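**Q** Dropping the sequence and predicted coords here.
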Amino acid sequence: MSRTLFDPITLRDLTVRNRVWVPPMCQYMVEKTDGVVAPWHLMHYGSFARGGAGAVIVEATGVVPEGRISPQDLGLWNDAQRDALRGVVDLVHSLGAAAGIQLAHAGRKASTYSEWGNAAPGTSIPVADGGWETVGPSDLPFGDLAAPRALDATGIDGVIEAFVAAARRAVEAGMDMIEIHGAHGYLIHEFLSPLSNVRTDEYGGSLENRARLLLGIVDAVRGSIPEGMPLLVRLSATDWVEDGLHVEDTVRVAGWLREHGVDMVDISSGGNSPEAQIPVGPGYQTPLATAVKQGAGIPVSAVGMIDEPWQAEQITATGLADVVRVGREFLRDPSFAIRAALALRVAEPPIPTPYLRAYRQQLRG
Ligand SMILES: Cc1cc2nc3c(=O)[nH]c(=O)nc-3n(C[C@H](O)[C@H](O)[C@H](O)COP(=O)(O)O)c2cc1C
């Protein structure tokens with residue numbers, strides 16, 4: 001019987017060894033609030049590559065200081081950050097995986113206390129305590145967070161330039177692909193969603209207008225990175241709120257992204273409304289990914305509680321998505337891809353040679 005999960009996949013000039021990828025997952029482990037990679041990040045990203053993942057996407061990385069979710073986020077607005085990131089890329093490559101990075105601007109959800117080590121995680125950090133003024137499409141706050149300042153045209157141009165500069169640095173650091181974070185209620189999603197964007201200029205109103213920032217960033221980044229390098233975008237397919245974005249909107253946006261040279265979209269959901277009712281469960285976002293793949297004719301990755309080898313295989317085998325991303329299960333078991341390959345009895349599981357002795361019995365059986 002043939003298997004699909006461990007088939008390579010090619011996007012532009014990049015061929016990735018399999019279709020089990022690690023999605024971006026913020027670690028909030030920067031040591032000096034300078035956005036620079038720490039030893040933790042090397043261990044974290046290296047462990048997934050050593051565990052057989054096809055590609056490892058580095059966590060949401062701020063393109064500007066004020067675009068970080070917390071002061072402990074990675075950043076890519078200076079050369080010191082770029083140089084430190086090379087260590088992650090080289091390590092991931094040495095273990096046979098492709099390296100990607102998610103470039104992000106947290107918009108109105110920036111400047112919050114990180115998940116650990118703080119009395120009030122996830123709440124706004126006042127300027128007096130090292131926080132900063134946030135920005136958004138409009139001055140509407142997210143839940144109890146501080147209200148953002150609505151970006152003007154100059155501010156929007158600055159955001160686009162920052163994505164381009166960070167993308168260039170990602171290329172210089174040796175990254176194989178770049179992902180633009182357009183999901184989870186951060187700046188680009190805030191522009192896309194009518195829940196957070198009530199602008200009356202060319203960046204607000206119709207879906208075309210609300211997608212203008214995303215497409216502007218995509219065009220500028222696409223034009224600044226090598227022709228052969230894949231460009232990915234992560235989207236929240238739905239806000240899970242009646243008045244918000246719906247999957248039909250996301251199908252249209254994904255179609256535009258394909259026309260603008262995006263090679264794959266990753267389909268997540270939610271993050272832009274505290275009132276969202278999300279039907280969380282095994283594979284709960286996969287139907288959204290399939291709808292985007294079929295409706296927009298663009299390769300997609302599916303993500304969200306894909307925790308089991310056969311569940312992942314079924315998604316790629318039946319064409320529900322081209323790639324699966326496995327997040328928390330990789331945190332629980334950094335060898336998830338090896339375990340999946342053994343469960344699926346693929347011919348050559350991605351086991352590092354020095355570890356082969358540990359798997360002798362399974363390989364024989
Ligand atoms: C610790 C942690 C950090 C995360 N950070 C990010 C992030 O930086 N960017 C992002 O787009 N999603 C982030 N996510 C969401 C994951 O990428 C993924 O979409 C989500 O965990 C669902 O997949 P899973 O059920 O396989 O974990 C994070 C999730 C976790 C658990």
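**A** Sure, I can see it.
**Q** Enumerate the residues of the protein near the ligand.
**A** Neighbours of the ligand within the chain, by CB under 6 Å from any ligand atom: 23-26, 59-60, 102, 181, 183-184, 234, 268, 303-306, 326-329. Just so you know, the C-beta spots here come from the backbone N, C-alpha and C atoms, and that holds for glycine as well.
**Q** So which of these belong to helices?
**A** Under the assignment DSSP state H, the residues of the chain next to the ligand contribute 328, 329 to helices.
**Q** which of the residues of the chain next to the ligand are buried?
**A** Using 16 or more other CB atoms under 10 Å as the burial test, these include 23-26, 59-60, 102, 181, 183-184, 234, 268, 303-306, 326-327, 329 as buried.
**Q** Narrow those to those in strands?
**A** Counting by DSSP state E, the part of those found in strands is 59, 60, 102, 181, 234, 268, 303.
**Q** and of those residues, the nearest to residue 245?
**A** residue 268 (12.0 Å; CB to CB).
**Q** Leaving out the residues flanking it, which one is nearest to the closest one?
**A** residue 183 (4.7 Å; CB to CB, 6 or more residues apart in numbering).
**Q** before we move on, what about residue 58?
**A** Using CB to CB, 6+ apart, the nearest residue to residue 58 is residue 101, at 4.2 Å.
**Q** Any stretches of the chain with poor pLDDT?
**A** Per-residue confidence for the chain (pLDDT under 70) gives these ranges: 1, 365.
**Q** quick one on the thing from earlier: include distance to residue 194 when you put the ones in strands among the buried ones among the residues of the chain next to the ligand into CSV, please.
**A** Below are those laid out as CSV (distance: CB to CB, whole Å):
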residue, distance to residue 194
59, 28
60, 23
102, 24
181, 20
234, 20
268, 19
303, 24
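**Q** From those residues, pick the one nearest residue 167.
**A** Looking across these and measuring by CB to CB, the closest to residue 167 is residue 102, at 11.4 Å.
**Q** check contacts around the residue nearest to residue 268.
**A** 189, 234, 235, 236, 266, 268, 269, 271 (CB atoms under 8 Å, 6 or more residues apart in numbering).
**Q** Also residue 104?
**A** 60, 61, 62, 63, 67, 69, 181, 186.
**Q** Now rank those residues by neighbours and give me the top one.
**A** Taking other CB atoms under 10 Å as the neighbour criterion, residue 67 ranks highest of these with 29 neighbours.
**Q** My read is that it contacts residue 187, right?
**A** Yes. Counting by CB atoms under 8 Å, residue 187 is a contact partner of residue 67 at 6.9 Å.
**Q** Between those two, which contacts overlap?
**A** Common neighbours of residue 67 and residue 187 (CB under 8 Å, 6+ apart) are 105, 106, 107, 159.
**Q** quick one on the thing from earlier: just the buried ones from the contacts of residue 183?
**A** 189, 234, 235, 236, 266, 268, 269, 271.
**Q** Confirm for me that the fourth one is in contact with residue 265.
**A** Same thing as residue 236. No. With contact defined as CB under 8 Å, residue 236 does not reach residue 265; the gap is 11.0 Å.
**Q** Which neighbours do these two have in common?
**A** In contact with both residue 236 and residue 265: no residue, using CB under 8 Å, 6+ apart.
**Q** ok, now which ones touch residue 100?
**A** 55, 56, 57, 58, 175, 176, 177, 178, 179, 232.
**Q** Any chance of a ChimeraX selection covering the buried ones in these?
**A** Buried members of the contacts of residue 100, defined by 16+ other CB under 10 Å, are picked up in ChimeraX with:
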select :55,56,57,58,175,176,177,178,179,232
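**Q** Just send the contacts of residue 100 back as TSV, with distance to residue 136 and secondary structure too.
**A** Compiled in TSV, the contacts of residue 100 are given as follows (distance: CB to CB, whole Å; DSSP: H, G, I helix; E, B strand; the rest coil):
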residue	distance to residue 136	secondary structure
55	31	strand
56	30	strand
57	25	strand
58	25	strand
175	28	coil
176	32	coil
177	28	strand
178	23	strand
179	21	strand
232	24	strand
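**Q** Would you map the helices across the stretch 1-150 of the chain?
**A** Along the stretch 1-150 of the chain, the segments classed as helices by DSSP state H, counting those that start in this stretch run 39-50, 79-94.
**Q** Minimum distance to residue 351: which of those helices has it?
**A** Of these, nearest to residue 351 by CB to CB is helix 39-50, at 9.5 Å.
**Q** hang on, the earlier thing: and of the helices of the stretch 1-150 of the chain, who's closest to residue 220?
**A** Taking CB to CB, helix 79-94 is the member of the helices of the stretch 1-150 of the chain nearest to residue 220, at 18.4 Å.
**Q** Show me which positions of the closest one end up buried.
**A** 81, 82, 84, 85, 87, 88, 89, 91, 92.
**Q** Can you pull out the residues in contact with that helix?
**A** Residues contacting helix 79-94 (CB under 8 Å, 6+ apart): 34-37, 41-42, 45-46, 49, 56, 58, 74-76, 98-99, 101, 169-170, 172-175.
**Q** Using neighbour counts, trim those to the buried set.
**A** Going by neighbour count (16+ other CB under 10 Å), those have 35-37, 41-42, 45-46, 49, 56, 58, 74-76, 98-99, 101, 169-170, 173, 175 buried.
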